[in-house]
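1. Got a sequence here, can you model it:
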Amino acid sequence: MISVSGLKKIYHDDGAETAALAGVSFEVEKGEFVAIMGPSGSGKSTLLHVLGFLDRPTGGQYVFSGKKMDDLSDEELAKVRNREMGFIFQDFNLLGRASVYENVELPLLYAREVEPEDRRKLVESAVSAVGLAEKINVEAGNLSGGQKQRVAIARALVMNPAVIFADEPTGNLDSHSGAAVMEILRDLNKDGHTVILVTHETYTAEFANRILRLKDGLLESDEKVLKRRDTFFK
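-> Numbers count the residues shown, from 1 in each chain. Okay, the predicted model is just below:
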């Protein structure tokens, strides 16, 4: 599904160059659950942004589902991002004055080919999948942190994307809310979704099948998880 070769990302600030990614190569197969780890400044969030078509690399090659990133216009990238990728962020990125339904519906509104009657079915299914059916008409700003993150997961799920990207999804949550979020991601992966997770927490990364460790913009190690974590507290 994903093939990255010699990926580089260089930022320029007042004449100084910073290599956030200095030549990273790996592949991700359909149905994998991959965690990306590394210290602050290692390049893990930059890598996630490039993989999610939120930023373009400076060098190297990125192929997603047979599509070369360099061959796609910004408009084409946006279409792939909307239809084939789902995103979960540490800060939720919800509209606080909008209802759960309205927040989850947003990706469908951008995909104009989805009919209104189909939108309702898809939203209700996604909200039910994260256990928030009774909150569907509640304003997102009135939810707890854990509930907000579950809404964000439903929004990421509503287009049935090929891959779900999660950037520190438990970072702003207490342990019990974090457990609920990770168990939802584990179940989505078991249902066939590819999940790519950025985290600094070892116990969160162990929900994955594989851990990529970055250091100074380089891939330091690529490890299989021999015994995948089944519960947050185990």
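2. OK, contacts around the residue nearest to the spatial centre of the chain?
-> Centroid-nearest residue in the chain: F165, 1.3 Å away (criterion: CA atoms, centre = their mean). By CB atoms under 8 Å, 6 or more residues apart in numbering, the residues touching F165 are L48, L51, G52, M85, G86, F87, I88, I196, L197. Placement of C-beta: from N, CA and C, glycine included.
3. what do you get if the cut-off is 7 Å, keeping everything else the same?
-> By CB atoms under 7 Å, 6 or more residues apart in numbering, F165 lies in contact with L48, L51, G52, M85, F87, I196.
4. Would you mind measuring from the residue nearest to H200 when sequence neighbours are not counted to Y203?
-> Using CB to CB, 6 or more residues apart in numbering and skipping the chain neighbours, the partner closest in space to H200 is M37 (6.6 Å). Using CB to CB, to the nearest Å, one gets 12 Å for the distance from M37 to Y203.
5. what's the pLDDT at the residue of the chain positioned farthest from its centre?
-> Residue farthest from the centre of the chain, counting by CA atoms, centre = their mean, is G15 at 32.2 Å. Predicted confidence (pLDDT) for G15: 76.
6. Same check on the one 3 residues further on?
-> In the predicted model, T18 carries a pLDDT score of 89.
7. Touching, it and K8? I think so.
-> No - if you go by CB atoms under 7 Å, T18 and K8 don't touch, sitting 11.5 Å apart.
8. one step back: just to be sure, which of the contacts of F165 are found in helices?
-> Using DSSP state H to define helices, the subset of the contacts of F165 located there is L48, L51.
9. Between M37 and Y203, tell me which one has more neighbours.
-> M37 (23 against 16; other CB atoms under 10 Å).
10. Now do the phi/psi pair for that one.
-> Main-chain torsions, M37, degrees, to the nearest 10: phi -120, psi 160.
11. and it, bridged to which residues?
-> Counting by DSSP bridges, M37 is bridged to R213.
12. Quick one: the helices in this protein, in order.
-> Secondary structure of the chain (DSSP H): helices located at 44-51, 74-84, 100-110, 116-129, 145-157, 175-190, 202-205.
13. Check the average confidence over the fourth one, would you?
-> pLDDT averaged over helix 116-129 equals 92, rounded to a whole number.
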